[in-house]
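Undergrad: What follows is a predicted protein model with its sequence.
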Amino acid sequence: VQLQAFGGGLVQPGGSLRLSCAASGSIFSIGAMGWYRQAAGKQRELVATITSAGSTKYAGSVKGRFTISRDNAKNTAYLQMNSLKAEDTAVYYCNADIRTTLGNWYDSWGQGTQVTVSS
């Protein structure tokens, strides 16, 4: 089972980016999916999560600017980031609770994608 994150890059303040997180492998089902971020010198923090039923939760710092969504048919989660600020600069990681075809559950992490907000 593997998670891959895509879509990071350099964007100006006020701009937008869309991150994608695709799960692959012997997947039976996926529970909650989420995005976390870690800025230089800081601890990893929760950005947003979404359950398999579509219920969402956001960190206060991104509420109203970021939107998490998922496509269960594609085993993919997305993070639409609007009105980006310099303080959003971080490595963004995706996370998912994945049940394999053998019945095991894994707390899986993607490799991280850099988001830099700078003029």
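TA: Alright, I've got the coordinates.
Undergrad: pLDDT wise, what is residue 57 at?
TA: Listed pLDDT for residue 57 reads 98.
Undergrad: which SSE is it in?
TA: Taking DSSP states H and E as the definition, residue 57 sits inside strand 56-58.
Undergrad: what's that strand in contact with?
TA: 47, 48, 49, 50, 66, 68 (CB atoms under 8 Å, 6 or more residues apart in numbering). All C-beta spots, glycine's among them, are computed from the backbone N, C-alpha and C.
Undergrad: could you pull out the helices for this protein?
TA: Counting by DSSP state H, the chain forms no helices at all.
Undergrad: So what's the residue count around the nearest residue to residue 96 once chain neighbours are set aside?
TA: The shortest distance from residue 96 to any non-neighbouring residue, by CB to CB, 6 or more residues apart in numbering, is to residue 33 (4.5 Å). Counted with other CB atoms under 10 Å, the neighbours of residue 33 add up to 28.
Undergrad: List the beta-bridge partners for residue 33.
TA: On the basis of DSSP bridges, residue 33 is bridged to residue 50, residue 96.
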